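> model the following, please.
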Amino acid sequence: MRDSIDLDAIKADIKSEEAFQKRFRYVMYAVGGLIGLVLLNIFFEPERISSQFITRGTQATVALLQGLLVELLIFTLAAALSLGAVYYWGQAHLVARINHYSPPYVARITPLNILGSLWPFGVFIGVFALIGITSGLFQALLVSVAFYGFLISVFLPTLIRYFYQRSIKTAYQGGLTKVEEAMRQRPNNLDLMIMKAVLLMEQEQLDEAVRIFKQLLEYQAHWVIPNVPLLLNNVAICLMLQGRYDEACELLENAIRINPLFGHAYDGLASCYIEQNVYPKLALELTTLALTHTNAKLVDSRTIQQATTARAYALLGDAPAAEQMLNNVQQALEKIPIRAAQATEINRQMAYTYLTLGNIDAARSHFRRAIELDPNGLYGKLAQQGLESIPT
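Predicted structure coming up:
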């Protein structure tokens, strides 16, 4: 059995990471505020509005507009360089942890890989370099294009991201067939590959799921960088389901050290201990960290974490706390639409909690509900095993 994790060291890491994220936000706010002030100064300088545009002739007005656009050009170039530098700083901080704590099969990230994530800033700089070597009317035209391109770039990514996320969510809800259909159009899409692996895992194809997760971790690509903790967490879940607990715990600890604010890894490590009936007090502290550091909008994930927390309370003999947490989980199941596989695992965890509390009837009921939700999937089969383990 692998030794338990040093929780005090992890809490120190959490404080350190929270401090870094706070500094990062302050720098971003400062840079953004400075950029905003400069932009306001360009557009709202009083004499430009009150006299020059109104009293001067057409030729002077055109010249003034060109001057204004050149100022916008310089401003946008400075903004791109400033924001790019701050973003690089944040990414470099994460990459240092990835390179230090990741297992050998995870690709080591280089500064060039980080620069690959800065391509939007590079596009701006490239356009400005082109403008710098041109002159006359063509210059004014390019500056205008750059200006309007800048405005579009502020709003367009948000719109594109919204529709992209909707399409990805639709494919995921449609199951493995829909995800594979979407992958025929976008075969190297990170989100679709992760979803395919998760769905394969839920169908008990654990080796293939692990292969996909590890394949993604082997990429030296900028879009993998923020997803390394998630991918390690998913590999660990597969190993846990295969009974390879020591390997799973090690990967989950690595994921936590890479990003101490990644809540899912705390829940995974707690589950790893609970499945072996060891360290229930530590598991409870880990699930508390999981709930603290998981986005409130991820209701399905938080409901699973609450189910794990209830099981930890039950193992510690705190029946009132376990039952209160079970009530919270039940209310979430009744009010919130949760995918069948996830609802199955939640009911399975509830069943084991009731079993630990000595409520055999409730345990049977939740095992049966889990089997009903996912009769042919991995979690449904695990629920069947749990139901069969109860003495008749």
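> please count neighbours and contacts with C-alpha atoms only from this point.
Will do.
> how about low-confidence regions in this structure?
Per-residue confidence for the chain (pLDDT under 70) gives these ranges: 1-4, 35-36, 38-77, 80, 117-161, 220-222.
> again, only this time at 50
For the chain, the stretches with pLDDT under 50 are 46-57, 132-140.
> domain parsing for this protein?
Here the domain assignment for the chain is 13-172, 216-388, based on automatic domain parsing.
> Pro280: neighbour count?
22 (other C-alpha atoms under 10 Å).
> before we move on, back to that, quick one, which of the domains of the chain is packed in tightest?
Most buried of these, by mean neighbour count (mean count of other C-alpha atoms under 10 Å): domain 216-388, with a mean of 21.
> quick one: end-to-end distance for that one.
Domain 216-388 has an end-to-end distance of 38 Å (C-alpha to C-alpha, to the nearest Å).
> now that domain, how far from the chain's geometric center?
18 Å (C-alpha atoms, centre = their mean, to the nearest Å).
> and the next helix or strand past the helix or strand hosting Lys169?
Assigned by DSSP states H and E, Lys169 belongs to helix 136-173. Using DSSP H and E, the helix or strand that directly follows helix 136-173 along the chain is helix 176-185.
> just the buried residues of that next one, please?
For helix 176-185, burial by neighbour count (16 or more other C-alpha atoms under 10 Å) applies to 176, 179-180, 182-183.
> nearest to Gln331, of those residues?
Leu176 (28.7 Å; C-alpha to C-alpha).
> could you verify my assumption that that closest one touches Ala197?
No. If you go by C-alpha atoms under 8 Å, Leu176 and Ala197 don't touch, sitting 9.2 Å apart.
> what's the overlap in contacts for those two?
Shared contacts of Leu176 and Ala197, defined by C-alpha atoms under 8 Å, 6 or more residues apart in numbering, are absent.
> surely Ser82 and Ala30 touch.
No. The criterion here is C-alpha under 8 Å, and Ser82 misses it with Ala30 at 10.7 Å.
> out of the domains of the chain, which is closest to Ile5?
Counting by C-alpha to C-alpha, and looking across all of the domains of the chain, nearest comes domain 216-388 at 7.3 Å.
> any idea where the helices of the stretch 151-300 of the chain begin and end?
For the stretch 151-300 of the chain, the helices defined by DSSP state H, counting those that start in this stretch cover 176-185, 190-202, 206-217, 228-241, 245-258, 263-275, 280-292, 299-315.
> need the contact partners of the second one.
So that's helix 190-202. Taking C-alpha under 8 Å, 6+ apart as the rule, helix 190-202 contacts 168, 172, 175-176, 179-180, 182-183, 187, 206, 208-210, 212-213, 216, 223-224, 234, 238, 341, 377-379.
> and it, how far from the chain's centre?
For helix 190-202, the distance to the chain centre is 15 Å (C-alpha atoms, centre = their mean).
> now the angle from that helix to helix 228-241?
10 degrees (axes from the mean of the first three to the mean of the last three C-alpha atoms, to 10 degrees).
> the last one too?
For helix 299-315 against helix 228-241, the angle by the same axes, to 10 degrees is 50 degrees.
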